[in-house]
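*Asks:* Using only what follows, build the 3D model:
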Amino acid sequence: MKDRSKASAYGGAGWSPRKKPLREEIGTIWAKCGVESEWSPLNSVLLHCPGPELENVTEPDKVQMLENLDYSLVCQQHDALADAYRDAGVSVLFVEPPNTPPPNLMFMADLFFMTPEGAILARPASTVRAGEERFVARKLAELGIPILRIVRGAGTFEGADAAWIDSETVLIGMGLRTNKEGASQVSSLLREMKVEPITVDLPHGSMHLMGDLRFAGRDLAVCRSGRTPYGAMQAMRERGYSLVFAPDEEEVAKGMSLNFVTLGPGRILMAAGNPTTQSFYEDVGIQCNTVEIHELGKAAGGIGCLTGILERERRE
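*Replies:* Modelled structure (predicted):
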């Protein structure tokens, strides 16, 4: 019998070992993707264009929305959001579910959290949103983006509860949407990547960490007065951030003025119709692109909530 140990399949001379780590395979074997900051230039996003799942929503509170929606206007405003990204040079991809999804699927930020090596798939905390992650998992796989971990067991985690302070540090907010077990699972993976997780408790009445703070540049964060966790502020200051506070609580709560997406250092895409906050942002050196989303906001989310970040430029 022939000695198979010399065959490449068994480690013989023709064996070709895989030596590169996953991070170095991104953009070759795997699709271009990855995030390690909240402010570096934005390259690509994942959206879900609302569809028939919203047409029959007559009791908004049962699906965790605030008011009844004008379906036609919601679609128009979401199209305008996608166009605003394209106008800013950002590649826009869509989930394109094969069948009718749950009504909140458009809130992409909740359903995954991107790292430099791929995505952490969320496990939403509410039965209303349970299973939305399947649609995102399917799309990420189709795009060729690695899924590093799926939150499992009794863990719950939503992507809007995590944010990169810098390439070595991630904030994780625990509260209504992300529980201790979910935060622990995400933290474990981050530590494997040599990233320090900092877990903070969100105040009562917070939906996500995203609603209490956003990063506008390399050293500038915008916080919600009286609601940003002290531990988060301390961690940001220790890492060189200046903190400013959104000046108009009504514009934050109703106008989604803090729920912006950073397009690049000192450049954001924010909800139109928030003159006090926009003027404040501009006074501290932030360039503001705006888009009208007031009808989308009735579903209890803003631009940040609607946007799944797939890739930002990496710092060398």
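*Asks:* From now on I want contacts and neighbour counts done on CA atoms only, so please keep to that.
*Replies:* Fine.
*Asks:* Wait, residue 130 touches residue 124, no?
*Replies:* Yes - at 5.8 Å, residue 130 counts as touching residue 124 under the criterion of C-alpha atoms under 8 Å.
*Asks:* ok, the two, which is more surrounded?
*Replies:* residue 124 (24 against 12; other C-alpha atoms under 10 Å).
*Asks:* Against residue 14, how distant is that one?
*Replies:* From residue 124 across to residue 14, the span is 46 Å (C-alpha to C-alpha, to the nearest Å).
*Asks:* any chance you could map the helices in the stretch 1-150 of the chain?
*Replies:* 22-25, 71-87, 132-143 (DSSP state H, counting those that start in this stretch).
*Asks:* what's next to the shortest one, contact-wise?
*Replies:* Contact partners of helix 22-25, identified using C-alpha atoms under 8 Å, 6 or more residues apart in numbering, comprise 116-117.
*Asks:* Restricting to C-alpha, output that helix in CSV.
*Replies:* Provided in CSV are the C-alpha atoms of helix 22-25 (Å, rounded to 0.1, in the frame of the first residue of the first chain):
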residue,chain,number,x,y,z
LEU,A,22,-8.0,36.5,9.5
ARG,A,23,-7.5,40.2,9.6
GLU,A,24,-5.0,40.0,6.7
GLU,A,25,-7.4,37.9,4.7
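*Asks:* before we move on, back to that, of all the helices of the stretch 1-150 of the chain, which one is nearest residue 57?
*Replies:* Counting by C-alpha to C-alpha, residue 57 lies closest to helix 71-87 out of the helices of the stretch 1-150 of the chain; the figure is 9.5 Å.
*Asks:* can you tell me which residues contact the nearest residue to residue 101 once chain neighbours are set aside?
*Replies:* Spatially, and ignoring its direct neighbours in sequence, residue 101 is nearest to residue 53 (6.3 Å; C-alpha to C-alpha, 6 or more residues apart in numbering). Contacts of residue 53 were listed using C-alpha under 8 Å, 6+ apart, and they are 100-103.
*Asks:* what do you get for residue 229?
*Replies:* Here residue 229 is in contact with 200-203 (criterion: C-alpha under 8 Å, 6+ apart).
*Asks:* Now the terminal residues of stretch 205-216, how far apart.
*Replies:* Across stretch 205-216, first to last residue, C-alpha to C-alpha, it's 24 Å.
*Asks:* same question, stretch 136-155
*Replies:* First-to-last distance for stretch 136-155 - C-alpha to C-alpha - comes to 18 Å.
*Asks:* quick one: which two of the contacts of residue 229 are the most distant?
*Replies:* 200 and 203 (9.6 Å).
*Asks:* So, low pLDDT: which residues of the stretch 1-150 of the chain?
*Replies:* Per-residue confidence for the stretch 1-150 of the chain (pLDDT under 70) gives these ranges: 1.
*Asks:* how close does the closest residue to residue 96 other than its chain neighbours sit to residue 104?
*Replies:* Nearest residue to residue 96 in three dimensions, chain neighbours excluded: residue 48, at 6.9 Å (C-alpha to C-alpha, 6+ apart). Separation of residue 48 from residue 104 (C-alpha to C-alpha): 10 Å.
*Asks:* just residue 196 next, same as before
*Replies:* As judged by C-alpha to C-alpha, residue 196 and residue 104 stand 31 Å apart.
*Asks:* again, but for residue 241
*Replies:* From residue 241 over to residue 104 (counting by C-alpha to C-alpha), the distance is 33 Å.
*Asks:* ok, now residue 56?
*Replies:* Distance from residue 56 to residue 104, by C-alpha to C-alpha: 13 Å.
*Asks:* Mind checking which of the two has more residues around it?
*Replies:* Taking other C-alpha under 10 Å, residue 56 and residue 104 do not tie; residue 104 has more neighbours (22 against 10).
*Asks:* which residues does that one contact?
*Replies:* For residue 104, the contacting residues are 63, 129, by C-alpha under 8 Å, 6+ apart.
*Asks:* again, but for residue 257
*Replies:* Residue 257 touches 251, 270-271, 274, 277-278, counting by C-alpha under 8 Å, 6+ apart.
*Asks:* got those as TSV, with distance to residue 113 and neighbour count columns?
*Replies:* What follows is the contacts of residue 257, written out as TSV (distance: C-alpha to C-alpha, whole Å; neighbours: other C-alpha atoms under 10 Å):
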residue	distance to residue 113	neighbour count
251	27	19
270	21	27
271	22	27
274	28	19
277	27	21
278	27	23
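*Asks:* Narrow those to those in strands?
*Replies:* Cross-referencing the contacts of residue 257 against strands under DSSP state E gives 270-271.
*Asks:* Most widely separated two among the contacts of residue 257?
*Replies:* 251 and 270 (11.5 Å).
*Asks:* what about residue 23, how many neighbours?
*Replies:* Residue 23 has 14 nearby residues by other C-alpha under 10 Å.
*Asks:* all numbers from here: first residue = 327
*Replies:* In the new numbering, first residue 327, that becomes residue 349.
*Asks:* And it, how far from residue 367?
*Replies:* 19 Å.
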